[in-house]
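# Kindly generate the corresponding structure for this input.
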Amino acid sequence: MTVALFAGIAVSDYAAALAWYERLLGAPPTFLPNDIEAVWELAEHRSLYIEHRPGHAGHAMHTLFVDDFDTVIDDIAARGLRPVQRETYGNGVRKATFRDPDGNEIGFGGAPAEEHAE
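Okay, the predicted model is just below:
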């Protein structure tokens with residue numbers, strides 16, 4: 001069975017959110033289905049999209065687990081965004097949390113640092 005993920009994020013200011021997510025994700029949207037949505041395909045069958053829905057904005061909580069955590073976070077920082085929180089859990093798993101202009105939470109998780117130190 002193939003499972004596709006299409007995770008949506010409601011935003012109040014589409015233009016501001018579009019610019020912010022382009023900085024966060026390092027690329028323009030993969031496609032624009034209409035005037036109020038933008039979609040980024042993060043990996044095959046895994047997409048993140050924003051949609052202009054002011055009454056629902058600010059409540060999303062998504063975490064993307066990446067195998068190159070340090071590189072991803074460094075690349076985002078080079079584009080001018082800093083995490084609002086960084087955590088390392090008891091098992092060594094790391095997480096950096098970003099908040100968009102509406103307060104939606106987008107986290108990036110990664111394996112313990114020692115698993116990648118070679």
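
# Find the centremost residue of this structure, please.
residue 106 (4.5 Å; CA atoms, centre = their mean).

# Which residues lie in contact with that residue in this structure?
Contact partners of residue 106, counting by CB atoms under 8 Å, 6 or more residues apart in numbering, are 9, 24, 60, 62, 63, 64, 97, 98, 99, 100. Yep, even glycine has a C-beta here, placed from its N, CA and C like the rest.

# pLDDT score for the first one?
With respect to pLDDT, residue 9 has a value of 98.

# okay, the nearest residue to residue 8 once chain neighbours are set aside: pLDDT?
Leaving aside its sequence neighbours, residue 8 sits nearest to residue 49 (CB to CB, 6 or more residues apart in numbering; 5.3 Å). What the model reports as pLDDT for residue 49 is 98.

# what's the answer for residue 70, then?
Residue 70 carries a pLDDT value of 96.
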